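> the following comprises the amino acid sequence and a computationally predicted model.
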Amino acid sequence: MSLVLVFIFIILAFIATAFWEAYIEGQFGGASQQVGWRFKLFGYHIHAYHFWLWFVTYPLLLAIPLLVAFSRELLGTILAGYFLGAIIEDFLWFVINPQWPFSNFNSQKVNWYPWLKLGNFELPFFYLPYLLFAFFSWWFLVR
């Protein structure tokens, strides 16, 4: 099995998630109008469907190949794909959402998670640790 192919499929799944999540949430970013429970954790609004998607469904689905043929390299590829895919999915939500213009991709308009600000540059705070997790998953487990 090609690890590159596994990685590409994971990224494609996250891109697909960006499309359906943008259409589900529409103008109500961060699932602000979704049904179900919600709570705040470390500055992040966690809603029921985000919990079930990001912390249950994706990990369960991505673990399937490890049940068939576990390897350190495959685990690293899956982890790198998950963390990089989550960043890509979140960013694409702002690019493709027909009811939320990309100009709203800033800390003034997006209040459902904390932002990292470096002068005039800002990005969602979770992008940095997720990028590091992706890199280190690849560096220590795959290469």
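Thanks, I have it. Numbering: from 1, shown residues only.
> buried residues in the longest helix anywhere in the chain?
For the chain, the helix with the greatest residue count under DSSP state H is helix 72-96. By 16 or more other C-beta atoms under 10 Å, the buried positions in helix 72-96 come out as 74-94. Backbone N, C-alpha and C define where each C-beta goes, glycine included.
> I'd like to know which elements that helix is packed against.
Under the contact criterion of 3 or more C-beta pairs under 8 Å, 6 or more residues apart in numbering; DSSP states H and E, helix 72-96 touches helix 3-25, helix 58-68, helix 127-141.
> roughly how far out does the first one sit from the chain middle?
Centre-to-centre, helix 3-25 and its host chain are 9 Å apart (C-alpha atoms, centre = their mean, to the nearest Å).
> cool, the shortest one as well?
In this view, helix 58-68 has its centroid 17 Å away from the chain centroid, taken as C-alpha atoms, centre = their mean.
> again, but for the last one
Taking C-alpha atoms, centre = their mean, the mean C-alpha location of helix 127-141 is offset from the chain mean by 13 Å.
> ok, and for it, which residues are buried?
127, 130, 133-134, 137-138, 141.
> export the residues you listed to JSON lines and tack on pLDDT and distance to Val56?
What follows is the buried residues of helix 127-141, written out as JSON lines (pLDDT from 0 to 100; distance: C-beta to C-beta, whole Å):
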{"residue": "Tyr127", "pLDDT": "98", "distance to Val56": "22"}
{"residue": "Tyr130", "pLDDT": "98", "distance to Val56": "18"}
{"residue": "Phe133", "pLDDT": "98", "distance to Val56": "19"}
{"residue": "Ala134", "pLDDT": "98", "distance to Val56": "20"}
{"residue": "Ser137", "pLDDT": "98", "distance to Val56": "20"}
{"residue": "Trp138", "pLDDT": "98", "distance to Val56": "24"}
{"residue": "Leu141", "pLDDT": "98", "distance to Val56": "23"}
